[in-house]
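In: mind folding the following:
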Amino acid sequence: MANRLLLLILIALPSISYAEKLLSVAACQRGGNYGTGTIKEVRITPCPEALQRRPCVLKKGTNVTIEVDFTPTVGASQVTGRAFWANRMLELPLPNMNTNACATMTCPIQPNVMQTYRYVLPVSRGFPTRRYDVRWKLTASPFNMCFQFPIQILN
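Out: Numbers count the residues shown, from 1 in each chain. Just a heads-up that it's a prediction; the model follows:
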């Protein structure tokens, strides 16, 4: 029986992907305020680099899953999710993004009820190879939440 269990574990191991909690998530505003929500955890799959507090390496032509566990402080419906390449001067929206956040979480959102927002991001072969700061916004009046994290896109 123990040998069968070990065999099952060994077969399952290659299919495990790295879903790591990002340790370098920051609020968009100074002072650590994420907006009208509190972030518990942000995960990117795959991202083994998060264990070393390094930017996640996203490979062109693959899909990456971003998950955010958060608790809103206000209720709202029709939540929009949008990612941007960000720097101090401007934000460039990620092209061709499905912005309907309610497609992957329960809407309307209720105050003080934890939610998980999930987005599968296709890493286009057309994205330039470099390091980026990604700014992610979830919004619906009066709800607004914004956080950012670094990534590295490679071939």
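In: thought Glu49 was touching Leu58?
Out: No. Using C-beta atoms under 8 Å, Glu49 is not in contact with Leu58, being 10.1 Å away. For glycine as for every other residue, the C-beta is placed from the backbone atoms N, C-alpha and C.
In: list the buried residues of stretch 89-108.
Out: Leu94, Thr99, Ala101, Cys102, Thr104, Met105, Cys107 (16 or more other C-beta atoms under 10 Å).
In: also stretch 113-124?
Out: Gln115, Tyr117, Tyr119, Leu121, Val123.
In: now those as TSV including secondary structure?
Out: Below are the buried residues of stretch 113-124 laid out as TSV (DSSP: H, G, I helix; E, B strand; the rest coil):
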residue	secondary structure
Gln115	strand
Tyr117	strand
Tyr119	strand
Leu121	strand
Val123	coil
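In: could you measure from the residue nearest the centre of the chain over to Pro122?
Out: Residue closest to the mean C-alpha point of the chain, counted by C-alpha atoms, centre = their mean, is Ile66 at 3.1 Å. Separation of Ile66 from Pro122 (C-beta to C-beta, to the nearest Å) stands at 12 Å.
In: sorry, back to before: which SSE is the residue nearest to the centre of the chain in?
Out: If you go by DSSP states H and E, Ile66 is part of strand 63-72.
In: helices or strands next to that strand in the packing?
Out: The contact analysis (3 or more C-beta pairs under 8 Å, 6 or more residues apart in numbering; DSSP states H and E) places strand 63-72 against strand 37-45, strand 115-122, strand 130-140, strand 143-154.
In: relative to strand 130-140, how tilted is the shortest one?
Out: Meaning strand 115-122. 140 degrees (axes from the mean of the first three to the mean of the last three C-alpha atoms, to 10 degrees).
In: by contact count, what packs against strand 115-122?
Out: Partner elements for strand 115-122 (3+ C-beta pairs under 8 Å, 6+ apart): strand 63-72, strand 80-86.
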